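Enquirer: sequence plus predicted model, see below.
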Amino acid sequence: MNQRKRKQTRLQAKLAKGSGIERLMDDLGRALAEGAGHVHMLGGGNPAPIPEVAQRWRTLMREMLDSAPERFDRMLGVYDPQQGNGRFIRAVAKLFNDAYGWGLTEDNIVITNGGQTAYFYLFNLLAGEGEEGLQRILFPLMPEYIGYAEQGLHPESFIAAQSIIEELPGNLFKYRVDFDNLPWDESIAAVCVSRPTNPTGNVLTDAEVQRLHQLCTERGAYLIIDNAYGAPFPDMIFTDVQPFWGENTVLTYSLSKLGLPGTRTGILIGPPEICRAISSMNAVAGLANGNVGQSLTLPLFESGEIMTVAHDEIRPYYQERSQRAVQMVHEAMDGVPCRVHVSEGALFLWLWFPGLPGGADALYEDLKEAGVLVVPGHFFFHALPEPWPHAEECIRINYAMNIDAFPEAMRIMAVVVRARFERD
């Protein structure tokens, strides 16, 4: 029987062609399947298994089973509304209102099946061909989260700005928003930043966030802030900044970095028109959200204890690891052209090797062969109008792994990097 050759759809060409995030997850999955003991897992974004926090989730599940079996049965056996569980949404609103006086209502909150899903909905809601022409999302600080890169269904959904590099003492550096050269025009529907930034651990200051918000307000655009690692939960943020909320602001949070990535629970806070639209998209694409994350953490949101867990248990754990990891990198890379981005939050270190021979992809392959998995930096420089050679000189590493194994991983990395420079 003859089979007709099927033509590729635009959606297939966009989402099924392979991507940086797919390659990252595939390499991680293969390494785990073959035995993580043979590979130093410095790639990926999996949070560390903090024993005290993991114990808290087990305790909450037991309490639900023992004291509130009807809530457990409902968690597994009932569809919630597409907006999310009403009791959980009210608890989220109260948490932020009590802490910051934001005046949120249930209309300002919608739950999604993880933060990645929230951004797929949000970007395609705001970007693409509209009645008045093309609308785009502006990323004002590059590099930026790898998972955004392929989210826009329109080929011109995104535009990014090259950052200013501020070199600092002690072989450190920091990216800054180049406010004077943002590629702003009438097509910009929203500005999107992660805070702390994945991959660099950069934290925009309160003044920088307020300036971005002012620009958005003046131009009728939304300001989107991704708080997957931010305050008040999971609070993987090591500088003194405040959560921001204002007119035309969209905030996203997640339970993943609390140690619950498997629950796929995202929280979006925004104007009612955005939340209504995302709620409708939930119904069309997924019918309803998963219930486990909302049900499990509900007592902590209602009591406000979620903020204590984040501030007193999660933040110190990562901050201490970050400081140790930076020190280990500097020690291992002594004599190698290497700068480390200032670690202000999240669970990553961002390494810059000025003049790296062969580029980040070749270094990635060398490191993988040597038993160290990282993420090459060029995947994080998406949507720039022109190529930036700096993108080929950087890699991202995750320091949430076994910290006792980190020195050996750095020793191997230093050997591989030195060999690259000596080979040139």
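Expert: Structure received. All values reported here derive from a predicted model rather than from experimental measurement.
Enquirer: only C-alpha atoms for contact and neighbour calcs from this point on.
Expert: Fine.
Enquirer: wait, Ala118 touches Ile109, no?
Expert: No: judged on C-alpha atoms under 8 Å, Ala118 makes no contact with Ile109 at a distance of 12.0 Å.
Enquirer: give me the more crowded residue out of these two.
Expert: Between Ala118 and Ile109, counted using other C-alpha atoms under 10 Å, the more crowded position is Ile109 (28 against 23).
Enquirer: which one is that one nearest to, not counting chain neighbours?
Expert: Spatially, and ignoring its direct neighbours in sequence, Ile109 is nearest to Ile269 (4.6 Å; C-alpha to C-alpha, 6 or more residues apart in numbering).
Enquirer: any idea what that neighbour is bridged to?
Expert: On the basis of DSSP bridges, Ile269 is bridged to Ile109, Leu251.
Enquirer: okay, now it: neighbour count?
Expert: Neighbour tally, Ile269, other C-alpha under 10 Å: 25.
Enquirer: the one 5 residues further on now?
Expert: Residues contacting Ile274 under the criterion other C-alpha under 10 Å number 20.
Enquirer: how close does it get to Gly130?
Expert: According to C-alpha to C-alpha, to the nearest Å, Ile274 and Gly130 sit 16 Å apart.
Enquirer: now do the strands in the stretch 101-250 of the chain.
Expert: Along the stretch 101-250 of the chain, counting by DSSP state E, counting those that start in this stretch, strands occupy 109-112, 128-130, 133-139, 158-160, 164-168, 172-176, 188-194, 222-226, 249-254.
Enquirer: and the contacts of the second one?
Expert: Outside of strand 128-130, the residues within contact range by C-alpha atoms under 8 Å, 6 or more residues apart in numbering are 134-136, 152-154, 156-157.
Enquirer: list the buried residues for that strand?
Expert: By neighbour count on 16 or more other C-alpha atoms under 10 Å, the buried set for strand 128-130 is Gly128.
Enquirer: who does that strand pair up with?
Expert: Those paired with strand 128-130 in the sheet (DSSP bridges) are strand 133-139 (antiparallel).
Enquirer: any idea how far the strand it pairs with is from the chain center?
Expert: Distance, stretch centre to chain centre, for strand 133-139: 20 Å (C-alpha atoms, centre = their mean, to the nearest Å).
Enquirer: got it, and stretch 144-158?
Expert: The answer for stretch 144-158 is 14 Å, by C-alpha atoms, centre = their mean.
Enquirer: got it, and stretch 65-80?
Expert: Centroid displacement of stretch 65-80 relative to its chain, using C-alpha atoms, centre = their mean, is 30 Å.
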